[in-house]
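Q: Model the structure of this input:
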Amino acid sequence: MLSGREEEQVQLGLRISDSDRGFHHSMPIPTEPIGSIPRPLELLAAMKAHAARQISDDQLHAAKEAALCDTITRFEATGSPVITDGEQTKPSFATYPLSGLENLAADGVTIPFADGHTRRLPRLTAGPFRYGLHAVGYLKAAQRHARQPVKQAVISASALSLLYPQSGVAGYSRETFLEDLINEAERDIRECLEAGAACVQIDFTEGRLAFKFDSSGGLLKTFIEVNNRVLERFSEAERQKIGVHTCPGGDHDSTHSADVDYSSIMPELFRLKVGRFYIQLASEGNRRSVLATIRDLLKPGQMIFVGVTDPINPRIESPESVRDRVVEAAEFIPLGSLGTTDDCGFSPFADDTSTSRETAFLKIKNRVEGTAMGEKALGV
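A: As a prediction, this is how the structure comes out:
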């Protein structure tokens with residue numbers, strides 16, 4: 001729930017003129033969202049009713065289209081130079097490729113969050129592994145409505161590698177599974193690039209989680225290697241439009257690995273063969289230490305999008321606070337390599353309504369405005 005003051009901020013803040021949008025579009029310091037926006041309650045109700053066979057496929061489709069149109073309209077009203085579809089029609093950022101698959105069981109890897117709730121991945125029961133749905137469908141649906149460039153988030157191959165059980169799958173080796181998975185993950189990214197995505201963002205929230213599962217770093221190294229097997233299939237020019245997002249997981253205002261220090265994963269993270277890194281930072285207590293580590297690991301030509309808004313904090317960051325974080329980051333990251341983003345998506349799982357749509361869009365608007373203020377303060 002928003003306070004009266006916050007409601008007033010929302011109503012005033014989302015009225016942005018076309019001239020403002022044009023100004024932000026040419027910002028020297030790029031700014032991008034991560035992905036998800038809380039779904040309208042009407043869409044969540046329709047999803048639930050459809051699962052219970054109370055409404056038709058056409059009725060569900062109509063609810064999804066209405067949510068998508070409203071999300072893109074409101075996204076563009078924030079002045080954001082790059083938008084997403086808000087992941088309105090994804091069940092979650094992680095499980096969209098599993099839609100319609102029948103070779104899965106519900107008892108896979110459990111992910112515990114700090115507040116005590118859990119999420120559980122499915123378990124693969126038989127091969128071969130194929131995606132039931134690819135991300136390009138979401139991208140094309142958004143592009144039909146959008147005036148601004150649309151980026152597309154995809155799930156990492158490393159996250160989906162957790163579907164394969166430790167006990168194995170009869171007649172389907174882990175290496176055969178990984179080859180099938182890597183083929184599918186490559187297709188997921190390539191189709192989006194070919195369809196004109198502004199960029200493709202690989203969600204890698206399991207990076208910090210890997211260190212929590214295995215403090216030796218072995219699991220994290222395995223994750224990096226799996227993802228690089230996908231990335232090596234792209235040219236250097238293509239990889240400039242491919243990025244990776246890391247955070248401690250955000251769900252129902254809780255995280256799964258915020259207690260894992262970034263210094264434990266950063267050297268491995270920067271082994272990923274991507275041109276863009278989207279790094280949760282606004283909610284970090286030791287931002288300057290993390291920025292110093294990034295400075296030391298940054299390679300020529302790489303872009304660093306630092307998180308300047310915290311989606312799971314109900315406090316709405318002011319443009320001035322965003323500006324200050326931009327100026328701070330510029331002490332460590334060359335301006336030609338610096339961008340801003342949100343720490344995480346606002347609703348990575350469809351049923352997470354802990355943040356309102358109004359709060360999400362105002363945080364995005366203030367990120368865009370604050371980034372522009374940061375440019376001015378830095379004289380760019």
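Q: what's the neighbour count on the nearest residue to Val326 once chain neighbours are set aside?
A: Leaving aside its sequence neighbours, Val326 sits nearest to Gly374 (CB to CB, 6 or more residues apart in numbering; 2.8 Å). (Glycine included, C-beta is placed from N, CA and C.) By the criterion of other CB atoms under 10 Å, Gly374 has 28 neighbours.
Q: again, but for the one 3 residues further on
A: Applying other CB under 10 Å, we find 14 residues neighbouring Ala377.
Q: swap in Gly301?
A: By other CB under 10 Å, 11 other residues sit near Gly301.
Q: The residue nearest to Gln88 when sequence neighbours are not counted and Ile182, how far apart?
A: Distances taken as CB to CB, 6+ apart put Ala67 closest to Gln88, at 4.5 Å, once the chain neighbours are dropped. Applying CB to CB, to the nearest Å, the value for Ala67 to Ile182 is 33 Å.
Q: rewinding a little: toward the C-terminus, what is the element adjacent to the helix or strand containing the residue nearest to Gln88?
A: Using DSSP states H and E, Ala67 sits in helix 57-77. The helix or strand immediately downstream of helix 57-77 is strand 104-105, counting by DSSP H and E.
Q: For the very next helix or strand once past that following strand, name the packing helices and strands.
A: The helix or strand immediately downstream of strand 104-105 is strand 110-112, counting by DSSP H and E. Under the contact criterion of 3 or more CB pairs under 8 Å, 6 or more residues apart in numbering; DSSP states H and E, the helices and strands touching strand 110-112 comprise strand 118-120.
Q: Relative to the strand it packs on, what are the paired strands and their orientations?
A: Using DSSP bridges, strand 118-120 pairs in its sheet with strand 110-112 (antiparallel).
Q: what comes up buried for the partner strand?
A: For strand 110-112, burial by neighbour count (16 or more other CB atoms under 10 Å) applies to Ile111.
Q: what do you get for stretch 34-46?
A: Buried residues in stretch 34-46, counted by 16+ other CB under 10 Å: Ile34, Gly35, Ser36, Ile37, Pro38, Arg39, Pro40, Leu43, Leu44, Ala46.
Q: What of stretch 96-114?
A: By 16+ other CB under 10 Å, the buried positions in stretch 96-114 come out as Tyr96, Pro97, Leu98, Leu101, Asn103, Leu104, Gly108, Val109, Ile111, Phe113.
Q: still on that earlier bit, who's in contact with the residue nearest to Gln88?
A: By CB atoms under 8 Å, 6 or more residues apart in numbering, Ala67 lies in contact with Arg39, Pro40, Glu42, Leu43, Gly86, Gln88, Thr89.
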